[in-house]
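J.: heads up, no residue letters with this:
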């Protein structure tokens, strides 16, 4: 009995949390606050299905309540009329579900095809899934970055996606639905942001220990700001002044093993056996580590000191750097804007 009561309490708490979370406005991963035409199409379909379900629920529960109140078995009541073999009734309760399913299926299929169409004049971007981060390539501009997808506002974006290891999923709820990233197979997703802003993205498919920390950001910029961003990203990294703390940090980057995975254009352009985020303009990213922590000295120090403590299962090794080496490396990375 105690176990049952305890279970009921837990369920009540879960229900309470569910209803409270539904009241949160402007939540980063809120799929009910669309900010683009693709997300609005999904939202319209959701509400159509929801209200059809509400009407059906009210009708079914109403009939059930009426039956319980007025037609329940009473002493002396004659046996009800049997309707077994009534073809008209059987035909009726077959047609009604078909019509209901049709009312849901037709707009659903239409929405699926509408969302899959390749938009005209779209910006083409490649998204490659890795455990546990997103590689982002702009083939038209020869730009590679990580975990932050920058797009121009009011412009359609066509994502070509795949995975280099296990199955992943890319989801920006305010801009569109989910799409799988599959090893050896390309999938596509369209994005469109009405206005400038920042939108959260998340891997929506369990992919290992740090799945929950495989996140990203989509940043929508005005056309002029997007062009400036492109121009800056196409530049090589600038070498630090000789004898500076940043110059010492560059030496650590070149000699401590960082070059086995990380590329910095203009400093070290040879990609190692394992691909890790391109660091050419890492200082311009406000989140790092699969968007799991902020790009500030405190968080970056903790990351460099022990990556696995921040992101369990990460392939980035603990280089056992001293505090002085970490400070120098952070100074160097902070200049890569």
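T.: On my side now, so go ahead. Treat the numbers as computed from the prediction; the structure is a model and nothing was measured.
J.: In stretch 270-287, which residues are buried?
T.: 275, 276, 277, 278, 279, 280, 281, 282, 283, 285, 287 (16 or more other CB atoms under 10 Å). To be clear about C-beta, it is placed using only N, CA and C from the backbone, and glycine gets the same treatment.
J.: of all those, which two lie farthest apart?
T.: The span of the buried residues of stretch 270-287, defined through CB to CB, is set by 275 and 283 at 20.4 Å.
J.: where along the chain do the helices fall?
T.: Listed in chain order, the helices found in the chain under DSSP state H are 2-22, 37-70, 87-116, 223-233, 245-255, 297-305, 307-310, 323-333.
J.: so the third one versus helix 37-70, what angle?
T.: Counting by axes from the mean of the first three to the mean of the last three CA atoms, to 10 degrees, helix 87-116 lies at 160 degrees to helix 37-70.
J.: Quick one: distance of helix 87-116 to the chain centre.
T.: A distance of 31 Å separates the centroid of the chain from that of helix 87-116, by CA atoms, centre = their mean, to the nearest Å.
J.: now it: mean pLDDT?
T.: Helix 87-116 shows a mean pLDDT of 90.
J.: now the second one
T.: Helix 37-70 carries an average pLDDT of 92.
J.: Model confidence at residue 174, what's the number?
T.: 94.
J.: That one contacts residue 30, doesn't it?
T.: Yes: if you go by CB atoms under 8 Å, residue 174 and residue 30 touch, sitting 7.0 Å apart.
J.: quick one: which of those two has more around it?
T.: Comparing residue 174 with residue 30 by neighbour count (other CB atoms under 10 Å), the higher total belongs to residue 174, at 25 against 16.
J.: quick one: that one from residue 279, how far?
T.: Here the criterion is CB to CB, to the nearest Å. By it, residue 174 lies 28 Å from residue 279.
J.: can you check residue 318 too?
T.: 18 Å.
J.: Show me which positions of stretch 289-302 end up buried.
T.: 289, 290, 291, 292, 293, 295, 299, 300.
J.: out of these, who's nearest residue 185?
T.: Nearest to residue 185 among these is residue 290, at 22.3 Å by CB to CB.
J.: That closest one contacts residue 213, doesn't it?
T.: Yes: between residue 290 and residue 213 there is a contact under CB under 8 Å: 5.4 Å.
J.: Between the two, which contacts overlap?
T.: Shared contacts of residue 290 and residue 213 (CB atoms under 8 Å, 6 or more residues apart in numbering): 132, 311.
J.: center of the chain - which residue?
T.: By CA atoms, centre = their mean, the chain has its centre lying nearest to residue 202, at 2.5 Å.
J.: wait, what's in contact with that one?
T.: Contacts of residue 202 (CB under 8 Å, 6+ apart): 29, 171, 214, 215, 216.
J.: Cross the residues you listed against strands and list the overlap.
T.: Judged by DSSP state E, the subset of those located in strands is 171, 215, 216.
J.: ok, and the most crowded of those residues?
T.: residue 216 (23 neighbours).
J.: burial count for the nearest residue to that residue once chain neighbours are set aside?
T.: In space, residue 216 comes closest to residue 201 once its chain neighbours are excluded; the distance is 3.9 Å by CB to CB, 6 or more residues apart in numbering. Using other CB under 10 Å, residue 201 has 25 other residues around it.
J.: now do residue 122
T.: Counted with other CB under 10 Å, residues neighbouring residue 122 total 15.
J.: Could you do residue 245 as well?
T.: For residue 245, the neighbour count with other CB under 10 Å is 16.
J.: For the closest residue to it other than its chain neighbours, which residues are in contact?
T.: Nearest non-adjacent residue to residue 245, counting by CB to CB, 6+ apart: residue 331, 4.5 Å away. Applying CB under 8 Å, 6+ apart, one finds that residue 331 lies in contact with 244, 245, 246, 248, 249.
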